[in-house]
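Student: Quick one, fold the following:
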Amino acid sequence: MNQHRCQQVPSVNQRRGVAMMLVMVAVLVTGGMAVAYFGSRDNSIAISANIASSSSARVVAGSGLDLAVAILETNANWRTNHLDGVILQDYQIGEGTITITIIDAETELPPTETTLQVQISVASTVAGRTQITEATATIIPDDDEFDVDYSEFAIFARNRITMRGASSVQNWAASPMSSQQTIQIGTLSSSPMSVQIDSLNQNKMLELHAPEHASSMISTTSTLIMEFTDSLPFLSPPAPPSEVRKLVIAPTHEENELNDWVERFTSNAPKSRKQYSQTTALHEGSYEISELALTSNQQITVHGDVVVSIEEDFIMSNASIILAENATIIFHIGGDVEIKSSYIGNENHSANSWMDPSRVQMYGHGDEDWNISGYSTLKAELYAPSSNINISGFSTICGRLAGEDVSLRGASRVLYDHSLDNGGFADSDSVLYDDDGLLLNQIRQLTELNPALLNSIEHAITAYDDGSDEFQFRDYNSSWQSEPTNRPNKVIYVLLVYGVDTARWEELARHARHTGHDIVWNDFQ
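Tutor: So this is what the prediction gives:
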């Protein structure tokens, strides 16, 4: 009996059908990719053009900022010659145009003749694309170029400078002129060991200025030593004003309590609790007092330009002197200075809050000691040519000081503000010296910091030095472009926005992420 076995043969047609489907899918995917690719190429030229123009606009905006800063450095009349703050409009730079707008940072209005802090906005346009660069700037006018009070030095002494413990001299980080510039200290002494820096915290290199023939052992450290090219004077402070009125200080809480008790005891009046203020407000003017003693949280607030002449001692203990905005105060002190755990400066007591230290000037007219101790902070200039100035404890001087002998002990600090540095005796190329490095005769004959006399000498020297009379009548049709523009003012600026506003970009990016929409470039502009 024959048995027949049937074998199942795979279908060739079935295999070919699957392969055909795979080929069709591959063709569709490839075709779709090709269509998408060629479709994207339709606007590639426009995209490339936008990127190129945006990059160019950003570069032009950066150049516009450099130009704006250069204008602020000159004595051009940009403060008044503007249209609602616009000092340049559609000015051609390279491939694009710029518009520079200056706004007073304090008033948020167009600048005036007194504007020193500004907001700079530079709008640059290249091929229809606009980029914005913004910055804030502080202008330091070249008004005090004639400097003979040693304010270019953080510490200056006629004789000795001593630093012990954990004391230090540093740059004031809060100042708009804060930088890693070298800090200068100086002395008129040429004796060995006149400058003793034995502090554990003095890590920054100091530049010591001393007489030309000073001892090679004048300093105990490897401080960089520079030599004065001539013998220098240590001028007396300016004379106090002659027309003054009596200064009356509000009594302390204890004095008020005693007066209340005396009044009740002598008049049999019923006991009542009165409210007293321990704050004395000084308004613009000149004042005189025999001794100024502030204790027990007493406070003086200063408004306007104030001068206080103190015949004898100046004492502060847990007290404060607060300057209102734009206020200044000058102290003329005839006796001792004893300041303990007290404050002089703007409303913010922190050393991280900057105030121009030249707004507080303290002059010593005698040879008594000045002692500043505890947790005191003074944002001021101290100038006492015949007094020993001792800073101790955790006290901080935000500014500079000059005296007969200067001593820093404990954890005391001097935070120097480079905005006080206007050349002076430390700069051998300044107008104070002649071509041989010797002091001018007008400077050599000075005996005190007389403002009127100094202004007169300054005008005479600087007018001769820069040839102002010749400059005033110059023919501007001549080859004046071959001479560089004089930029006497210092400008410190901080970049806020370069090309695009990153804060606005992040805001729109967050909004797009939450809503699922793309960022619209026109909104970003």
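Student: Closest to the centroid, which residue in the chain?
Tutor: residue 176 (1.7 Å; CA atoms, centre = their mean).
Student: For residue 284, which non-adjacent residue is closest in space?
Tutor: Among residues not flanking residue 284 along the chain, residue 304 sits closest, at 2.9 Å (CB to CB, 6 or more residues apart in numbering). Every residue, glycine included, has its C-beta placed from N, CA and C.
Student: Give the buried residues for stretch 376-392.
Tutor: 376-385, 387-392 (16 or more other CB atoms under 10 Å).
Student: Test of understanding: give the bridge partners of the closest residue to residue 248 other than its chain neighbours.
Tutor: Counting by CB to CB, 6+ apart, residue 248 lies nearest to residue 280, which is 7.5 Å off, once chain neighbours are set aside. With DSSP bridges applied, residue 280 shows beta-bridge pairing to residue 300.
Student: Return the per-residue confidence for residue 280.
Tutor: Here, the pLDDT recorded for residue 280 equals 91.
Student: of the buried residues of stretch 376-392, closest to residue 236?
Tutor: Using CB to CB, the shortest approach to residue 236 within the buried residues of stretch 376-392 belongs to residue 385, at 6.5 Å.
Student: Can you tell me, leaving aside adjacent residues, what's nearest to that closest one?
Tutor: Nearest to residue 385 is residue 234, by CB to CB, 6+ apart, at 4.7 Å.
Student: For residue 441, see how far away the one you found is.
Tutor: As judged by CB to CB, to the nearest Å, residue 234 and residue 441 stand 18 Å apart.
Student: which of those two has more neighbours?
Tutor: Between residue 234 and residue 441, counted using other CB atoms under 10 Å, the more crowded position is residue 234 (17 against 8).
Student: circling back to that earlier point, the residue nearest to residue 248: how many residues sit nearby?
Tutor: The burial count for residue 280: 17, using other CB under 10 Å.
Student: Quickly note the distance from it to residue 288.
Tutor: With CB to CB as the criterion, residue 280 and residue 288 are 14 Å apart.
Student: Who is the closest residue to residue 225 other than its chain neighbours paired with across the strands?
Tutor: The spatially closest residue to residue 225, leaving aside those adjacent along the chain, is residue 208, at 5.0 Å (CB to CB, 6+ apart). Note on residue 208: beta-bridge partners residue 185, residue 225, judged by DSSP bridges.
Student: which residues touch the residue nearest to residue 248?
Tutor: Residue 280 sits next to 248, 249, 250, 298, 299, 300, 301 when contact means CB atoms under 8 Å, 6 or more residues apart in numbering.
Student: The third one contacts residue 279, doesn't it?
Tutor: Yes - counting by CB atoms under 8 Å, a contact exists between residue 250 and residue 279, whose distance comes to 6.3 Å.
Student: out of those two, which sits in the busier spot?
Tutor: Higher neighbour count among residue 250 and residue 279: residue 250, with 16 against 13, using other CB under 10 Å.
Student: Roughly how far does that one sit from residue 341?
Tutor: For residue 250, the distance to residue 341 - CB to CB - is 20 Å.
Student: Where is pLDDT lowest across the contacts of residue 280?
Tutor: Least confident entry in these, by pLDDT: residue 250, with 71.
Student: Checking my notes, that one in a strand, right?
Tutor: No - checked against DSSP: H, G, I helix; E, B strand; the rest coil, residue 250 lies outside a strand; its state is coil.
Student: Please enumerate the strands of the stretch 51-200 of the chain.
Tutor: With DSSP state E, counting those that start in this stretch, the ranges of strands along the stretch 51-200 of the chain come out as 86-93, 96-104, 117-126, 129-140, 155-157, 161-165, 168-171, 183-187, 195-199.
Student: after the worst-scoring helix or strand of the chain on mean pLDDT, next one along is what?
Tutor: Of all regular secondary-structure elements in the chain, judged by mean pLDDT, DSSP states H and E, the least confident is helix 468-472 with a mean of 38. Counting by DSSP states H and E, the next helix or strand C-terminal to helix 468-472 is strand 490-499.
Student: Done for today, thanks.
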